[in-house]
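# Build me a structure from this.
(2 chains)
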Amino acid sequence: MHTELEQQQAVARALRELPDDGARPYDWREFQRRAHAGPAAGARVARMRALAAVVVVGLAVMATAIRLGAGPRPQRPPATVAAQATPAEDDSAAEQWLETLPREPALVRVGTRAAIATLEDHIAQVDDLLSSESASRAPAARVNALQQERAQLVNSLVQVRYAETLANATR
Amino acid sequence: MTRLVEIAVPDEVRVRACAGEERARQLIYAAVAAPTFTLIRRVIGSRSAAEDVFQDTMMILFERLADFRQEAPLGAWLRQIAISRCLMHLRSPWRRARMCLESALEGELPALARAASHAPPPEAIDIERALATLAPTARAVIWMYEVEGYSHAEIARAFGRSVSFSKSQVARAHLKLRAWFEPQGSRPTCTLS
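Residues are numbered from 1 along each chain as shown, chains lettered A, B, ... in the order given. Below you'll find the predicted structure:
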């Protein structure tokens, strides 16, 4: 009866005593023909390395761009109303900026869209009030207060739309 | 069997080959091609894949011949190149994808045909056929250990794995190969793992 070790040795011996593979490799001419048909192994390795380097650099640039937000960055809105002395001038700049934005993107965030709709409704109400106050020759202080409120609402709308634009650009 | 590791080439021939002389390169090719191809064929299994790996190995040999430091016979240096090319082939995702496809197709073969295609000839132990039924990694490991004389530590380094990996692969391969020494009824009919 053979022990396990003897069996292992027999297998090892059988492997070592296997004759040369009957299937011979091709001859020197065929080797040369194949060598000339395809690029050299070294050249292939170099080409693969170059390709890998390009891919790595590309990914690094993309990652950095995403990280720093350097992608197709949306145009910044005009300065906020709070920093300006005359809200009327600022209003027009802010509204011009808002005009450049698409009316409504294809995909919207419900929360953001609700805030925008509320602000736009408030601005429309203030606009109605301003029209009626102007028509009824209301005191200048009252008209100024309404204009100030409108400017603040426009400012808020600009900030929300800008945030929405940034979010869409990085999506 | 001619052992690749023992093949040496006269220094004068090597120098001429380094200088690009075709006749010298042809002499080196004639000396090492057969044992190199046999080694690759044993580790890789399929002839067409073995030819690709063999071509790569021989091209690397001639491209880097000037780097050969003569610390060992040329055959030993070439064996390192061949083994590393084989392992790269075994690790390649293309080969793995093809293996998956082949396994899936094999699963669709009728059981009878499959058993017939793996059955050893009744008259003798067909160690070559048994070797072919091993998984590629197990085949490479047992060949490197039992025939090429690599240690477990060297195999572990070549595969980027632990010494235990090498030992367990050798033990499992022995277990499967030994089954082919046993009586006909207990022989495996198909080994895919």
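# how close does the residue in chain B positioned nearest to chain A sit to residue B:29?
Closest approach between chain B and chain A, counting by CB to the nearest CB: residue B:37, at 3.7 Å. (Glycine included, C-beta is placed from N, CA and C.) Relative to residue B:29, residue B:37 is positioned 11 Å away (CB to CB, to the nearest Å).
# more crowded one of these two?
residue B:37 (25 against 20; other CB atoms under 10 Å in any protein chain shown).
# Could you check which helix or strand contains the more buried one?
helix B:22-44 (DSSP states H and E).
# now swap in residue A:98 and tell me
Counting by DSSP H and E, residue A:98 is part of helix A:87-100.
# so after that helix, what's the next helix or strand?
Downstream of helix A:87-100 (by DSSP H and E), the next one is helix A:110-135.
# Quick check: buried residues in that following helix?
A:112, A:115-116, A:119, A:122-123, A:126, A:129-130 (16 or more other CB atoms under 10 Å in any protein chain shown).
# Stretch B:68-87 now?
Result for stretch B:68-87 [16+ other CB under 10 Å]: buried residues B:73-75, B:77-79, B:81-83, B:85-87.
# do that stretch and chain A meet?
No - using CB under 8 Å from any CB of the partner chain, stretch B:68-87 stays clear of chain A, coming no nearer than 8.8 Å.
# picking that back up, alpha carbons of the helix holding residue B:37, as PDB, please.
C-alpha atoms of helix B:22-44 as PDB (Å, rounded to 0.1, in the frame of the first residue of the first chain):
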ATOM      1  CA  GLU B  22      20.900  37.400 -37.500                       C
ATOM      2  CA  ARG B  23      22.800  34.100 -37.600                       C
ATOM      3  CA  ALA B  24      23.700  34.400 -33.900                       C
ATOM      4  CA  ARG B  25      20.100  35.100 -33.000                       C
ATOM      5  CA  GLN B  26      19.000  32.200 -35.100                       C
ATOM      6  CA  LEU B  27      21.400  29.900 -33.200                       C
ATOM      7  CA  ILE B  28      20.000  31.100 -29.800                       C
ATOM      8  CA  TYR B  29      16.500  30.600 -31.100                       C
ATOM      9  CA  ALA B  30      17.300  27.100 -32.200                       C
ATOM     10  CA  ALA B  31      18.800  26.300 -28.800                       C
ATOM     11  CA  VAL B  32      16.000  27.600 -26.500                       C
ATOM     12  CA  ALA B  33      12.800  27.700 -28.600                       C
ATOM     13  CA  ALA B  34      11.600  24.100 -28.000                       C
ATOM     14  CA  PRO B  35      12.100  24.000 -24.200                       C
ATOM     15  CA  THR B  36      10.700  27.500 -23.800                       C
ATOM     16  CA  PHE B  37       7.600  26.600 -25.800                       C
ATOM     17  CA  THR B  38       7.200  23.400 -23.800                       C
ATOM     18  CA  LEU B  39       7.300  25.300 -20.600                       C
ATOM     19  CA  ILE B  40       4.800  27.900 -21.800                       C
ATOM     20  CA  ARG B  41       2.500  25.200 -23.200                       C
ATOM     21  CA  ARG B  42       2.500  23.300 -19.900                       C
ATOM     22  CA  VAL B  43       1.700  26.400 -17.900                       C
ATOM     23  CA  ILE B  44      -0.800  28.000 -20.300                       C
END
